[in-house]
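Asker: Predicted model and sequence follow; I will ask about them next.
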Amino acid sequence: MSDETADEYAPVLSGDAPSDYERYLRTDELLSLQKTGSERVHHDELLFQVVHQSSELWLKHAGFEVATATDEIREDDLSGAIRLLRRATLGLRLVTAQLEMLEHMSPWEYQTVRRVLGHGSGFDSPGFRTIAEVSPRLGDAFSSVLDGAGLDAVELYKRGREFEDLYQLAELLVDWDARVSLWRSHHYKVVQRIIGANVVGTQGTPVELLQRLPNNQFYPWLWEARTALTEAAKLED
């Protein structure tokens, strides 16, 4: 590359990194957030930090999309909300999938990592708290639109083709609820696989508490609608 060409494509964004890619993504800061080799007590600390830090980023994004979708539902932009909820749901799939990386940790060697976690617990995760905050608001916004259309969940499913956007939104709320449960379930199985089931976590919380979380639902009325539809169908036979 000539000096003239190099000057033409030289970084233009503010910062000290050698390229605009690094400056825009702030890779110097991002890649310095993990412990250095001399700071790690075990090889697997890098794996542990990368999985959890990247999870927090995806959960931040998913929560942001759900919050924005909630606003769009309230503003009657249902198609916009549908697009954003698809992104959010995919984000949760990615968070859940990368839990498999932690399954490659030795349950005995993890005990070395565990000693330097202090009282760190997944219950303190900003992403975990965000999901718990934005999800009920999404359900409330959808319920308001459904009420405004003079429908309940059962009637919506029966007349879905007449209210396509509302039907798609209902299914995305179910997708989101299911993905949260699957994430919690997979997380519990990873914890059970590494430290066992009948133990106490780093914050004094029994691991068995994690086992109950996947059964929690943000939108039980959408799940109950399935039962009502099945019962209604029996009456038509």
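Answerer: Everything's here; your move.
Asker: Could you use CA atoms for every contact and neighbour count after this?
Answerer: Noted.
Asker: tally of neighbours for the closest residue to residue 221 other than its chain neighbours?
Answerer: Once flanking residues are discounted, residue 221 sits nearest to residue 153: 7.5 Å by CA to CA, 6 or more residues apart in numbering. By other CA atoms under 10 Å, 23 other residues sit near residue 153.
Asker: gap between residue 153 and residue 147?
Answerer: Distance, residue 153 to residue 147, using CA to CA, to the nearest Å: 10 Å.
Asker: and if you look at residue 21?
Answerer: 47 Å.
Asker: Would you confirm that residue 154 contacts residue 227?
Answerer: No: using CA atoms under 8 Å as the test, residue 154 is too far from residue 227 to be in contact (9.4 Å).
Asker: and these two? which has more neighbours close in?
Answerer: Using other CA under 10 Å as the criterion, residue 154 and residue 227 rank with residue 154 on top: 18 against 12.
Asker: ok, now how distant is that one from residue 170?
Answerer: From residue 154 to residue 170 the distance is 11 Å (CA to CA).
Asker: Count the neighbours of residue 31 for me.
Answerer: By other CA under 10 Å, the residues close to residue 31 number 11.
Asker: most residues in a single helix of the chain, which one?
Answerer: The residue-count maximum for a helix in the chain (DSSP state H) belongs to helix 164-195.
Asker: next helix or strand past that helix?
Answerer: Going down the chain from helix 164-195, the next helix or strand is helix 208-212, by DSSP states H and E.
Asker: Domain-wise, how is this protein divided?
Answerer: With domains defined by automatic domain parsing, the chain comprises 1-32, 44-236.
Asker: Among the ones you listed, which comes closest to residue 38?
Answerer: Closest approach to residue 38 among the domains of the chain is made by domain 44-236 (11.4 Å; CA to CA).
Asker: Can you give me the first-to-last residue distance of that closest one?
Answerer: 59 Å.
Asker: Mind pulling up the pLDDT for the most centrally placed residue in the chain?
Answerer: The C-alpha lying nearest the average C-alpha coordinate of the chain belongs to residue 92 (CA atoms, centre = their mean; 3.6 Å). For residue 92, the pLDDT comes out at 97.
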